[in-house]
Each structure stands twice: as C-alpha cells, then as structure tokens.
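# Okay, here's the prediction I keep looking at, along with the sequence it came from:
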Amino acid sequence: MNVTLVPYGNAEINTVTKTVTCQHGESECEGNLWEMCAISHYPEFTDHFPFYYCLEEKGQVMLEFVESCANSTGLDYSVLSACYNDSDEAWALEQENAALTPSYHTYTPWVEVPTGTELAHQATFLYTVCSQYKGTLPPGCPQASEEKVIHETHKTIEKCLKE
C-alpha cells in the first residue's frame, strides 16, 4: 500500500510574501516543516513514518521532541535541521505541500484512496483503506475479523455436514 503524507492541514500560503499561516498557529507550521523535511530527505514511508508518528503522538509539545524523535527513529537530526533552517528548501517544501493539498478538503486529516473515494467522515478511514487493500488483510482491518468469522463459520458448517 502506498501512503503519501502531506503535513499541511488547513494552512494558507501567500506566494507574494512567501509566508504560511497555519490554522493552529506558528508551532503547527513549525511541526509541519519538520515533518516535510523528514519526508523529503527520507522518502521511503518506512523511514519517515516512525518520525512523523513520534512527533504527532507528542501533540502540542512536539517541537520539544524533534531531536529525540529523530534519534529514536534512526533519522539524522543534522540533516533535518539543515533542511528546516534552509529558507529556500523550506519554502520549496511549503509550496509543494500546498499544491498537494486539495482545495476541496473540509477537515484534517483528509484521506483519499486510489479509487478516488473521499472519506465522508474520519470514522470510515480504516474500513475504507482496508477495502482498497490488495492481498491478505492485516489483523487491524475490520474486514479481516469479518473474514475470519465467515471462514470459521464456513469451517463449522463443513464439519457439521461431514458428521
């Protein structure tokens, strides 16, 4: 499954003044930029997602944990810091993520699956993503437990028929 994270939320970009205004203030913009740098310099999902998750689970104090999250997830903090502090690279990442954010999104996180299905509500996230998954469903998918129940019911019926 390919996943593309776009740490931009409901930010607004001003290309004239080269500024970004985030819905929840400057600290949200700073957190987004750290995540953009991780995604840019470590493009493999399995490389950048642990860092992204580490920051996000810290919530409003995530900025206090940037270096420790980088270190604990195997990313080079100096690479991320160089990106974060390079105004040209940072601006390019802001523009790129602004362009990747659909103008029609109405909340965050906004999720689209390959079929173009947009999730009408966050509660449908897991079910929708799992319905698009190719291959054996991971145990966390609601459909996986449904399939298990169906499979076990089928086995029970077969056993009863044999007896």
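The structure has been received and is ready for your questions.
# Check the average confidence over the strand or helix carrying V66, would you?
The secondary structure element spanning V66 is helix 66-73 (assigned by DSSP states H and E). Averaging pLDDT along helix 66-73 yields 98.
# Can you give the contact residues for it?
Applying C-beta atoms under 8 Å, 6 or more residues apart in numbering, the contact partners of helix 66-73 are 34, 38, 50-51, 54-55, 58, 62, 76-77, 80. For the C-beta atoms, the positions are set from N, CA and C on the backbone; glycine is no exception.
# Dump those to JSON lines, plus distance to A98.
Compiled in JSON lines, the contacts of helix 66-73 are given as follows (distance: C-beta to C-beta, whole Å):
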{"residue": "W34", "distance to A98": "17"}
{"residue": "A38", "distance to A98": "18"}
{"residue": "P50", "distance to A98": "25"}
{"residue": "F51", "distance to A98": "21"}
{"residue": "C54", "distance to A98": "24"}
{"residue": "L55", "distance to A98": "20"}
{"residue": "K58", "distance to A98": "24"}
{"residue": "M62", "distance to A98": "21"}
{"residue": "D76", "distance to A98": "26"}
{"residue": "Y77", "distance to A98": "26"}
{"residue": "L80", "distance to A98": "20"}
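# Between the residues you listed, identify the one with the most neighbours.
A38 (29 neighbours; other C-beta atoms under 10 Å).
# Would you agree that residue is in contact with P50?
No: using C-beta atoms under 8 Å, A38 is not in contact with P50, being 9.5 Å away.
# helix/strand/coil for E96?
helix (DSSP: H, G, I helix; E, B strand; the rest coil).
# so after the helix holding V66, what's the next helix or strand?
Heading C-terminal from helix 66-73 (DSSP H and E), you reach helix 77-85.
# Only the C-alpha atoms, please, for that next one, written as CSV.
The C-alpha coordinates for helix 77-85 follow below in CSV (Å, rounded to 0.1, in the frame of the first residue of the first chain):
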residue,chain,number,x,y,z
TYR,A,77,18.8,15.2,13.1
SER,A,78,21.5,17.3,11.5
VAL,A,79,20.0,16.6,8.0
LEU,A,80,16.5,17.5,9.2
SER,A,81,17.9,20.6,11.0
ALA,A,82,19.8,21.8,7.9
CYS,A,83,16.6,21.4,5.8
TYR,A,84,14.4,23.2,8.4
ASN,A,85,16.9,26.1,8.6
